[in-house]
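In: Give me the fold of what follows.
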Amino acid sequence: MSDIDEMNSEREERLRMIRDSAASLTAPDGDLGRVRRLRFNEPGVDRAAWTEICAMGWPGLRLSEALGGSGLGMAEYAALLEELGRGLLPEPLIEACLVAPMLQAEEREALLSGECLVLPAGIGYEQAAALPQVRDGKIYGEVTHVALGAAADAWLVACESGLALVEKGAQGLQLSQQSTQDGGHLAHLRFNGTEVRLLEASPAALDEAALACAAYLVGLMDSAFESTREYLGVRSQFGQQIGSFQALQHRMVDLKIQIELARAIVAQAASAIDSNSSAAECQRLVSTAKVRAAEAAMLVTRQAIQLHGGIGFTDEADIGLYLRRAMVLLNAQGSLAFHQARYIALLQREVA
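Out: Prediction:
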């Protein structure tokens with residue numbers, strides 16, 4: 001076996017192990033009972049499950065070993081998120097992975113151990129027009145749309161001075177929240193002279209977070225597809241299984257093609273990041289992957305509900321949970337409009 005073949009074999013084994021470890025936190029039979037129990041319940045995160053996630057080393061999967069992480073590639077990260085997407089994992093793993101490399105050693109160690117959940121607030125492609133301001137060690141302003149923000153022990157806040165760490169319960173902090181379609185919430189943080197600590201941090205790996213979100217959506221729609229395929233195999237009409245109807249078979253084939261196209265572009269973008277391709281190429285592929293995965297997930301989950309018939313439109317049917325989650329992630333880690341515009345701008349720059 002050549003060195004290249006051996007390296008590929010080792011990587012395939014790592015990917016298999018990562019998928020197996022992810023499957024241990026999601027029900028093997030597709031049961032979404034844990035997801036249902038967390039819906040619309042504060043704080044929206046199962047801390048026992050989060051501790052298990054941290055014990056597996058997932059928040060540090062992309063961190064270098066020098067920073068306490070595993071130092072694995074984007075392909076491994078995408079494989080993990082795809083598997084977690086199958087089980088609709090509600091915990092904010094992508095957000096925690098985003099802030100991990102930007103924290104100081106003490107806070108990063110607490111995050112990786114599961115002791116302290118730190119989430120990003122206002123860190124993203126499309127920042128608010130008016131960022132919070134820091135004066136004399138205190139922050140003033142507000143940040144909206146913080147995913148599962150009420151579950152955090154602290155927030156890494158984007159402000160005019162850079163990044164600031166705000167701890168839960170700090171004086172002058174007000175927190176409100178609004179429920180989302182999937183049963184989670186978006187937090188609204190208001191700062192009125194809240195004590196903070198400014199951090200010197202490396203730039204946020206936004207493209208990695210966007211690609212991880214795309215991979216999650218691939219797993220989500222694939223699981224919705226499989227659930228639908230199983231349903232069509234047992235549901236009978238006119239004395240025969242409806243899965244045998246040619247019209248429905250054609251629809252399922254079309255959906256499978258959309259899933260595989262999304263999976264392929266996610267893999268291509270992950271490969272570009274791992275091979276240190278140019279920044280422009282990585283950005284173009286990531287934006288392509290995010291748009292493709294988000295649009296395909298909406299198509300597949302909507303069609304899955306229709307193929308379930310009337311029962312698919314009830315809240316009791318698990319198939320609806322996939323659509324609700326896809327709706328929430330549609331514009332997460334960069335809106336469709338942002339990624340479409342960035343893709344066009346990069347393409348025009350290439351041909352200019």
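In: least trustworthy helix or strand in the protein by mean pLDDT?
Out: strand 236-237 (a mean of 58; mean pLDDT, DSSP states H and E).
In: what ranges do the strands span in the chain?
Out: Using DSSP state E, the strands found in the chain span residues 118-121, 133-135, 138-147, 154-159, 162-167, 173-179, 185-195, 197-199, 236-237, 240-241.
In: okay, those in a markdown table with mean neighbour count and distance to residue 248 next?
Out: C-betas here are computed from N, CA, C, even on glycine. What follows is these, written out as a markdown table (neighbours: other CB atoms under 10 Å; distance: least, CB to CB, whole Å):
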| stretch | mean neighbour count | distance to residue 248 |
| --- | --- | --- |
| strand 118-121 | 27 | 42 |
| strand 133-135 | 15 | 57 |
| strand 138-147 | 20 | 36 |
| strand 154-159 | 24 | 47 |
| strand 162-167 | 20 | 51 |
| strand 173-179 | 14 | 34 |
| strand 185-195 | 19 | 37 |
| strand 197-199 | 15 | 54 |
| strand 236-237 | 10 | 10 |
| strand 240-241 | 11 | 10 |
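In: can you list those in TSV and add distance to residue 305?
Out: Shown next, in TSV, are the strands of the chain (distance: least, CB to CB, whole Å):
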stretch	distance to residue 305
strand 118-121	31
strand 133-135	45
strand 138-147	24
strand 154-159	35
strand 162-167	40
strand 173-179	21
strand 185-195	23
strand 197-199	44
strand 236-237	17
strand 240-241	19
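In: of all these, which lies closest to residue 105?
Out: strand 197-199 (11.3 Å; CB to CB).
In: and the closest one, which strands flank it?
Out: Strand 197-199 sits in its sheet next to strand 162-167 (antiparallel), going by DSSP bridges.
In: Now do residue 336 against residue 220, distance only.
Out: 16 Å (CB to CB, to the nearest Å).
In: which of the two has more neighbours?
Out: residue 220 (28 against 15; other CB atoms under 10 Å).
In: so the more buried one makes contact with residue 322?
Out: Yes. With contact defined as CB atoms under 8 Å, residue 220 and residue 322 form a contacting pair (5.7 Å).
In: tell me, what's touching the two both at once?
Out: 88, 301 (CB atoms under 8 Å, 6 or more residues apart in numbering).
In: Surely residue 343 is in contact with residue 287?
Out: Yes. Between residue 343 and residue 287 there is a contact under CB under 8 Å: 4.3 Å.
In: So between the two, which is more surrounded?
Out: Between residue 343 and residue 287, counted using other CB under 10 Å, the more crowded position is residue 287 (28 against 18).
In: from what I can see residue 307 touches residue 230, true?
Out: No. Assessed by CB under 8 Å, residue 307 is found out of contact with residue 230, at 11.2 Å.
In: Of these two, which one has the most company?
Out: Higher neighbour count among residue 307 and residue 230: residue 307, with 23 against 12, using other CB under 10 Å.
In: Can you check the pLDDT for that one?
Out: Residue 307 is assigned a pLDDT of 89 by the prediction.
In: try the one 4 residues further on
Out: Among the per-residue scores, residue 311 shows a pLDDT of 81.
In: residues near it, how many?
Out: Around residue 311 sit 13 other residues, with neighbours defined as other CB under 10 Å.
In: Also residue 16?
Out: 11.
In: Residue 127 too?
Out: Neighbour number of residue 127 under other CB under 10 Å is 11.
In: Check residue 322 too.
Out: By the criterion of other CB under 10 Å, residue 322 has 29 neighbours.
In: How much space separates the closest residue in space to it that isn't next to it in sequence from residue 24?
Out: In space, and not counting its chain neighbours, residue 322 is closest to residue 224: 4.0 Å by CB to CB, 6 or more residues apart in numbering. For residue 224, the distance to residue 24 equals 21 Å [CB to CB].
In: Looking at those two, which one has more neighbours?
Out: residue 224 (31 against 10).
In: what ranges do the helices span in the stretch 1-150 of the chain?
Out: 3-23, 33-38, 47-55, 74-86, 93-99, 105-113 (DSSP state H, counting those that start in this stretch).
In: Using PDB, write down the CA coordinates of the fifth one.
Out: The reference is to helix 93-99. Output of helix 93-99 as PDB, limited to C-alpha atoms (Å, rounded to 0.1, in the frame of the first residue of the first chain):
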ATOM      1  CA  LEU A  93     -22.000  22.900  18.900                       C
ATOM      2  CA  ILE A  94     -21.300  25.000  15.900                       C
ATOM      3  CA  GLU A  95     -21.400  28.200  17.900                       C
ATOM      4  CA  ALA A  96     -19.100  26.800  20.600                       C
ATOM      5  CA  CYS A  97     -16.600  25.700  18.000                       C
ATOM      6  CA  LEU A  98     -16.700  29.200  16.500                       C
ATOM      7  CA  VAL A  99     -15.700  30.900  19.800                       C
END
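In: Does anything pack onto it? Which helices or strands?
Out: Using 3 or more CB pairs under 8 Å, 6 or more residues apart in numbering; DSSP states H and E as the contact test, the elements touching helix 93-99 are helix 74-86, strand 118-121, helix 206-234.
In: for the longest one, same thing?
Out: Contacting helix 3-23 under the criterion 3+ CB pairs under 8 Å, 6+ apart are the following elements: helix 74-86.
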